[in-house]
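[1] Have a look; sequence and predicted model below, questions after that.
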Amino acid sequence: MKGLAIQAFIRRLMNRAPFRCAMASMGGVGSTALARHIGSIVDKTEREHAFSPVLFSAETNLRIGYLYGNPYNAVASVFRRNYQDMHVRAMNAGSGTHPAMLSGVSLEAYLERGADEFNMERQFDNWVNHAPSHAPVILIKYETLAEHIPEVLKFFACRYPFEVKQRRTTWRDQPEPVRKGLERIYGGLLAKVEAMPPIKILYPVGMENLNEYA
């Protein structure tokens, strides 16, 4: 982990682009690897799971990525790695919502509570429905990222290619009660995710293309 963080720092130093890069995500969608590849300035901070682009409003000369995907897999991944308590705090940081206590809570117990305590759908809506006034944002669907690597590299002016690792397990491998619990809480969000295009760029009002940021 430490070695990867050092690599990301070196990558930022080597980046000749006239702007800085940031990567936010809903978590559980492989965002750490991509964040470090582009040299994200918020790697391993609470803003890597920012509930809204408003948390970047004080930044200048910036391009932002928001990586999202199937919420069933995302939530299952968070719990599989025992990150749930850290993640619920990061997903609600700066939002005014007091995060639930998820330390030691299993995926099964979380789903029995019947609520999206990560506020994952709120985060998704904030990012995809509101173009920020200060920076361009690229919305990236994890499930189709492998087919759209050139667009992502171009957006961040990154010269280094990368590969996308496929998931080893999915929500379909979970017991039936878990599958039903995920569907009950996150079914609406999944429908929104599936309706999104693979890649979409949101520009600040009045800006038509990225050349204005060169």
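    Ah, there it is.
[2] Now for Lys200, how many residues are close by?
    By other C-beta atoms under 10 Å, the residues close to Lys200 number 13. Bear in mind the C-beta positions are built from the backbone N, C-alpha and C, glycine included.
[3] which outside residues touch the helix or strand it falls within?
    Lys200 belongs to strand 199-202 when assigned by DSSP states H and E. Strand 199-202 has contacts (C-beta atoms under 8 Å, 6 or more residues apart in numbering) with 128, 131-132, 136-141, 144, 148, 151-152, 155, 210.
[4] can we see that at 7 Å?
    Ala131, Pro136, Val137, Ile138, Leu139, Ile140, His148, Glu151, Phe155 (C-beta atoms under 7 Å, 6 or more residues apart in numbering).
[5] Report the contact partners of the last one.
    By C-beta under 7 Å, 6+ apart, the contact list for Phe155 reads Arg63, Ile138, Ile201.
[6] Report pLDDT for the first one.
    It refers to Arg63. As predicted, Arg63 sits at a pLDDT of 95.
[7] How is it assigned, secondary-structure-wise?
    Secondary structure, DSSP: H, G, I helix; E, B strand; the rest coil: Arg63 is strand.
[8] quick one: it from Thr144, how far?
    20 Å (C-beta to C-beta, to the nearest Å).
[9] what about Ala93, neighbour count?
    Ala93 is flanked by 16 other residues according to other C-beta under 10 Å.
[10] Good, wrapping up.
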